[in-house]
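J.: Below are the sequence and a predicted model for it; my questions follow.
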Amino acid sequence: MARRSGSESGGLLNPVGGMLRYPLVLLFLVGSACGEAASPQGGPARGIDGGESEPLGSPGIATGTTAEAAGASGDSSGEASPDAPDPERFPRPERMRGIYLNAWASGSSVRTSALVEWAHANDVNTFVLDLKDATGFISHRTSVPMAQEVGADGEIRIRDLPALLDRMEAGGIYPVARIVVFLDPLVARGRPDLAIQNADGNVWVDGRGDVWVNPWSREVWDYHVELAREAAELGFPEVQWDYVRFPDRPSSEMAGVRYPGADGGSKSDAIRGFLMHARDALADLDLDLTADVFGMATTVSDDVGIGQHWESFIDVVDAALPMVYPSHYAPGSFGLARPNAHPYEVVRRAVESGVARSREVEGAGRLIPWLQAFTLGAPPYGAAEVLEQIRGARDAGVHEWILWNPGARYPDGIGGASGGESGDPEAGEPGEAGEAGEAGEPDDAAGTAPRGEVQPAGSSR
């Protein structure tokens, strides 16, 4: 974390009137960010944890679209690792404006080259690339022993990671390595001693059929630290943790669940503990560490039932990325009968709340919202809705953002939305980009979505 720069609980939030204590089951109906959703092909979809379900579809570009105070920046006085990333290769943008690419899109030279061209036309400077998604597979060739032990090296989607990073460098794109943490079926089944357990000590399986690793396990923590170190040594300047949380299942499913090693600690203690451990273990690297969180974390006063309590993590990350997708808020949130129809209002008020809370925490990291670039219910989301969300974040004082679409399909016409690096809201003209595709490329795989909320169909997390 040496690169820091400036700046449900079983219920749905009504940010005006408090918590609406609906069962988590309702989250599937209103599009909350963490659940399982049906893909366009009719099967389950898994996405970003900040949404966990993702719609499936081949990645590409489309013209329509149907994240302790002391020492939080790392040990700057220590010697740099001989394999530390070169900070000159990928300088952090003053204002991050990014998109998510699943592993299949990231592994395609045709697709990434087309997306770089689209980025230039649309004022985008950052790509979040899947190195480990919710399937547990590592996208590239890895030498981390546990990955090899559990078979996480068995599905290589990015066959030439150095070449991918070279394309990012040549295109002026800042690359971020997304690593899903506690939703990991390969480790949970390959090392059942590291999984969340049921009352009889066997591996606990949630109502969607998912298995999770234990957020209290130091061995699990160290595995992901090793993956992050490997990513940094390969050249990534930033690692973004996703699914850095406990399962978001209803209490009826959680009865008797055991977390070995918890010893009475709270869920938020475990999440903070992992983030601190990662920060300290990687302090010799010039590496930003960020975390995807539920959008509700900016407004709910507790830990959302998953260990994500804003004040408990915001000072141990370089940035927190709340998934403030309008489609994921319950009717009545922010006094809006249909939040999805009000992208500006939802994002502005959610981001304002997070900014205000961060202001009260010494050493707080940045807030960078994940914004909705997918359609989930009415109205359909395209460039106009994306621009409204960007405007909402900007009016809340935040000029950075990342767009989420599980198939890496983003609308044209968002160039200049953040006013460019100068901060002039009128600067920049909308860009245009054609659709890109590559024959023979597999459809998006499950597990390509960011972070941890119940995600409705089409949201891909």
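T.: Nice, I can see it. Numbering: from 1, shown residues only.
J.: Mind checking what secondary structure the nearest residue to I173 once chain neighbours are set aside has?
T.: Across the structure, with Cβ to Cβ, 6 or more residues apart in numbering as the measure, the residue nearest I173 apart from its sequence neighbours is F127 (5.3 Å). In this view, the C-beta of every residue, glycine as well, is placed from N, C-alpha and C. When the structure is split into helix, strand and coil by DSSP: H, G, I helix; E, B strand; the rest coil, F127 lands in strand.
J.: so what's F127 up against?
T.: With contacts defined as Cβ atoms under 8 Å, 6 or more residues apart in numbering, F127 is in contact with 98-101, 106, 112, 115, 119, 168, 173-176.
J.: Just name the closest of the residues you listed to P331, please.
T.: For those, the residue nearest P331 by Cβ to Cβ is Y100; the value is 27.1 Å.
J.: which residues does the nearest residue to that closest one once chain neighbours are set aside contact?
T.: For Y100, the nearest residue in space outside its immediate sequence neighbours is V128; the separation is 4.7 Å by Cβ to Cβ, 6+ apart. In this structure, V128 makes contact with 98-101, 176, 178, 240, 402, 450, judged by Cβ under 8 Å, 6+ apart.
J.: Of these, select the buried ones using a PyMOL command.
T.: Buried residues among the contacts of V128 (16 or more other Cβ atoms under 10 Å), as a PyMOL selection:
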select buried, resi 98+99+100+101+176+178+240+402+450
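J.: Centre of the chain to stretch 179-196, how far?
T.: For stretch 179-196, the distance between its averaged C-alpha position and the chain's averaged C-alpha position is 18 Å (Cα atoms, centre = their mean, to the nearest Å).
J.: As JSON lines, the contacts of V128 with distance to R338 and pLDDT would be great.
T.: Written out in JSON lines, the entries for those read as follows (distance: Cβ to Cβ, whole Å; pLDDT from 0 to 100):
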{"residue": "G98", "distance to R338": "28", "pLDDT": "98"}
{"residue": "I99", "distance to R338": "26", "pLDDT": "98"}
{"residue": "Y100", "distance to R338": "25", "pLDDT": "98"}
{"residue": "L101", "distance to R338": "30", "pLDDT": "98"}
{"residue": "V176", "distance to R338": "32", "pLDDT": "98"}
{"residue": "R178", "distance to R338": "30", "pLDDT": "98"}
{"residue": "Q240", "distance to R338": "31", "pLDDT": "98"}
{"residue": "I402", "distance to R338": "24", "pLDDT": "98"}
{"residue": "P450", "distance to R338": "24", "pLDDT": "37"}
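J.: okay if I get the contacts of V128 as JSON lines plus secondary structure and distance to S139?
T.: Shown next, in JSON lines, are these (DSSP: H, G, I helix; E, B strand; the rest coil; distance: Cβ to Cβ, whole Å):
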{"residue": "G98", "secondary structure": "strand", "distance to S139": "18"}
{"residue": "I99", "secondary structure": "strand", "distance to S139": "17"}
{"residue": "Y100", "secondary structure": "strand", "distance to S139": "13"}
{"residue": "L101", "secondary structure": "strand", "distance to S139": "10"}
{"residue": "V176", "secondary structure": "strand", "distance to S139": "13"}
{"residue": "R178", "secondary structure": "strand", "distance to S139": "10"}
{"residue": "Q240", "secondary structure": "strand", "distance to S139": "14"}
{"residue": "I402", "secondary structure": "strand", "distance to S139": "18"}
{"residue": "P450", "secondary structure": "strand", "distance to S139": "15"}
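J.: Closest one to D210 out of the contacts of V128, please.
T.: P450 (16.1 Å).
J.: Dump the contacts of V128 to a markdown table, plus distance to F90.
T.: Conversion of the contacts of V128 to a markdown table gives the following (distance: Cβ to Cβ, whole Å):
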| residue | distance to F90 |
| --- | --- |
| G98 | 13 |
| I99 | 16 |
| Y100 | 17 |
| L101 | 16 |
| V176 | 10 |
| R178 | 15 |
| Q240 | 14 |
| I402 | 16 |
| P450 | 20 |
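J.: so which strand or helix has the residue of the chain positioned farthest from its centre?
T.: For the chain, the largest distance from the centre (Cα atoms, centre = their mean) belongs to D200, which lies 32.9 Å off. Element membership of D200, judged by DSSP states H and E, is empty: it is in no helix or strand.
J.: Which parts of the protein are helices?
T.: Taking DSSP state H, the helices of the chain run over residues 25-30, 103-106, 109-121, 145-149, 161-170, 185-190, 218-234, 251-254, 267-281, 310-313, 343-359, 383-395.
J.: so for stretch 308-318, what's the average pLDDT?
T.: Throughout stretch 308-318, pLDDT has a mean value of 98.
J.: now do the same end-to-end measure for it.
T.: Counting by Cα to Cα, to the nearest Å, you get 16 Å between the two ends of stretch 308-318.
J.: got any ranges where the stretch 351-461 of the chain has weak pLDDT?
T.: Counting by pLDDT under 70, the ranges of the stretch 351-461 of the chain that qualify are 417-461.
J.: Now with 80, please.
T.: Segments of the stretch 351-461 of the chain classed as low confidence (criterion: pLDDT under 80) are 416-461.
J.: Now do the contacts for S312.
T.: Under the criterion of Cβ under 8 Å, 6+ apart, the contact list for S312 reads 268-269, 271-272, 303.
J.: likewise P247?
T.: Neighbours of P247 in contact, by Cβ under 8 Å, 6+ apart: 196, 206, 210, 212, 254, 306.
J.: Just the closest of those to A341, please.
T.: The nearest one, if we look at the contacts of P247 relative to A341 and count by Cβ to Cβ, is I306, at 27.2 Å.
J.: For that closest one, which non-adjacent residue is closest in space?
T.: With Cβ to Cβ, 6+ apart as the measure, R245 is the residue that lies nearest to I306, at 4.1 Å, once sequence neighbours are left out.
J.: Phi, psi for that neighbour please.
T.: The main-chain torsion angles of R245 are listed as degrees, to the nearest 10 and equal phi -170, psi 170.
J.: tell me the contacts of the closest residue in space to R191 that isn't next to it in sequence?
T.: Leaving aside its sequence neighbours, R191 sits nearest to V150 (Cβ to Cβ, 6+ apart; 6.4 Å). For V150, the contacting residues are 136, 186-187, 189-191, by Cβ under 8 Å, 6+ apart.
J.: Using neighbour counts, trim those to the buried set.
T.: Among the contacts of V150, those classed as buried by 16+ other Cβ under 10 Å are 136, 186-187, 190-191.
J.: follow-up on the earlier one: from the helices of the chain, pick the one with the highest average neighbour count.
T.: Per residue and on average, the most neighbours among the helices of the chain fall to helix 103-106, with a mean of 28 (mean count of other Cβ atoms under 10 Å).
J.: what separates it from the chain centre, distance-wise?
T.: On Cα atoms, centre = their mean, the centre of helix 103-106 falls 16 Å from that of its chain.
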